[in-house]
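Novice: Here is my input; please provide its structure:
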Amino acid sequence: MADAYQTTAQVAYFNKVDMELMVSDVLNESPLVQAMAARSTRSNSFVYTRQTAAPSVGVRSANDGIENTVGTYESVTANLKIFDASFGMDVAVAQSDERGVEHAIGVEAVTHLQQAMFEIEQQVLNGTTGNLAGGFSGFADQANLNGASDSMVVDAGGTTASTGASVYLIRMGEGDVQLLWGQDGEISIGDRQIVERAGSATGRFPAFYHPIVAWCGLKIGSTYSVARIANLTEDTGKGLTDDLIYDALSKFPASRQPNVIVMNRRSLEQLRSSRTATNATGAPAGRPTEVDGYPILVSDALGNTETLLV
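Specialist: This next block holds a predicted model:
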């Protein structure tokens, strides 16, 4: 049976809920955030200890000894950042909603929170170089994941600039990747207030102001917690294949394999197409949902215009 971990849905909570389901054409779902292992923390930082080298042991002869050595460790600090989804709405505009002010404010709260979760997912995957410069460090920022020859990177070999994409294999859990939620996991939705705001062209107007704030960060426990398949492009033969995924799987220790594979829609289609080309009948392969039992998550937070790794 697969290991189970606390997820964001179990750790983070809303102190107030006033939302309704809505349909949207905006691609800002956050499947990885929903699935990620998570934990709460009270402060705006999280400190943990990581072992970097094992102690030495050996075989000795009778009446002889071995040198005493110890393991080496380092202290790592993961800094949380403020994600602010607060918004304002003209009182008159809110009152014009035929279902009432509460509905107008609720819909706006849903859209702001949904976008905040999507930007957190972008931050996890793309880091400060590919998303919010003031956010927390993500996978793409890591020294073992940001070069084509790095230890946990598989280079797909694509060369067409501005068509790059990456796939991440992630091991989640207490000693590996966790999303951190500050203030004991509270996503604070404050009391609605009426404030005076400057008009877009002139004058002042009354507006409902709704503060929505959360502290969020990322812990990457080990060098072996994440692997990256990089330089996937539109070049012929440079898309995602099962062989590339198996190459990435081989970078994880035998007893610490990943829990999930995250990719975008183009990479998923490249994988499906590669299976069609190699199956016995030549019939179109089905939409991939896993590789060797490792589930696939498809996220729009991963783009197709990454700068190629060198």
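Novice: Residue 77 against residue 46, yeah?
Specialist: Yes. Checked against C-beta atoms under 8 Å, the pair residue 77 and residue 46 is within contact range at 7.2 Å. From N, CA and C alone the C-beta is placed, and that goes for glycine too.
Novice: neighbour-wise, which of these two wins?
Specialist: Comparing residue 77 with residue 46 by other C-beta atoms under 10 Å, the one with more neighbours is residue 46, at 20 against 10.
Novice: helix or strand for the nearest residue to the more buried one once chain neighbours are set aside, which one?
Specialist: The shortest distance from residue 46 to any residue that is not its chain neighbour, by C-beta to C-beta, 6 or more residues apart in numbering, is 4.6 Å, and that residue is residue 78. When secondary structure is defined using DSSP states H and E, the element that contains residue 78 is strand 72-79.
Novice: Given that strand, what are its sheet partners and their directions?
Specialist: strand 45-53 (antiparallel) (DSSP bridges).
Novice: list the buried ones in the partner strand?
Specialist: residue 46 (16 or more other C-beta atoms under 10 Å).
Novice: Does anything pack onto the helix ranked longest in the chain? Which helices or strands?
Specialist: For the chain, the longest helix by residue count, based on DSSP state H, is helix 101-130. In this structure, helix 101-130 makes packing contacts with helix 31-35, strand 81-84, strand 87-90, helix 91-95, strand 204-210, strand 212-220, judged by 3 or more C-beta pairs under 8 Å, 6 or more residues apart in numbering; DSSP states H and E.
Novice: Could you check these and tell me which one is nearest residue 275?
Specialist: Using C-beta to C-beta as the measure, helix 31-35 is the one of those that comes nearest residue 275, at 22.0 Å.
Novice: what's the next secondary structure element after the closest one?
Specialist: In the C-terminal direction, the helix or strand that comes right after helix 31-35 (DSSP H and E) is strand 38-40.
Novice: Assess the claim that residue 303 and residue 264 are in contact.
Specialist: Yes. Under the contact definition of C-beta under 8 Å, residue 303 touches residue 264, with a separation of 6.8 Å.
Novice: Check the contact lists of those two and give me the overlap.
Specialist: residue 165 (C-beta atoms under 8 Å, 6 or more residues apart in numbering).
Novice: more crowded one of these two?
Specialist: Each of residue 303 and residue 264 had its neighbours counted (other C-beta under 10 Å), and the higher figure belongs to residue 264 (21 against 15).
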